[in-house]
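Predicted coordinates and the sequence they were generated for:
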Amino acid sequence: MKTLISAALISLLPVLANAATLELPSSIWANKVNGEAVPSYRSALPLKAGLQILELRYAELLQLNAEDHEYVSSEPLYLSFEAQDHQSYRLQLPQLRSDAEVREFARQPEVSLRSDAGPVESRLLTQSQLLALMARASVNF
């Protein structure tokens, strides 16, 4: 049994060594990575090298006063970028200083993606933007 477990772990080492990771801020969570469901509230996601398409959501709980709260969330967001082996990526949000900024960000989010090497080219789309892009790509005249 020990031999079987050791063999399994050794066979996974190359996969784990080449993996990339994406760190998410506390107010963003991933629903899916490349179509696969992600466990709830995970702050670090393992990624394979290659094209990544993540379904994300932004949410924040605002305290309006001592008794009232407001839950603000975005519609599903789709982040795409090309992941490289052995890289750590971080999704960064702008500093939101007021409740109005939080609400505006939820309506029109803008994020940046960074790796240890610097900024990473990425694209963030809403569901309607993604569907429009897919429809234009599949139109044949």
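Perfect, I can see it now.

show me where the chain has helices.
For the chain, the helices defined by DSSP state H occupy 2-18, 99-107, 127-138.

Which secondary structure elements does the second one sit against?
Based on contacts counted as 3 or more Cβ pairs under 8 Å, 6 or more residues apart in numbering; DSSP states H and E, the elements that helix 99-107 packs against are strand 50-63, strand 69-73. (Glycine included, C-beta is placed from N, CA and C.)

for the record, mean pLDDT for the last one?
Over the span of strand 69-73, the pLDDT mean works out to 94.

quick one: it to strand 50-63, angle?
160 degrees (axes from the mean of the first three to the mean of the last three Cα atoms, to 10 degrees).

Kindly export strand 69-73 (C-alpha atoms) in PDB.
This file holds the C-alpha atoms of strand 69-73, laid out as PDB (Å, rounded to 0.1, in the frame of the first residue of the first chain):
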ATOM      1  CA  HIS A  69     -26.500  46.000   5.300                       C
ATOM      2  CA  GLU A  70     -26.400  45.800   1.600                       C
ATOM      3  CA  TYR A  71     -25.100  42.900  -0.500                       C
ATOM      4  CA  VAL A  72     -23.500  44.200  -3.700                       C
ATOM      5  CA  SER A  73     -22.400  41.700  -6.400                       C
END
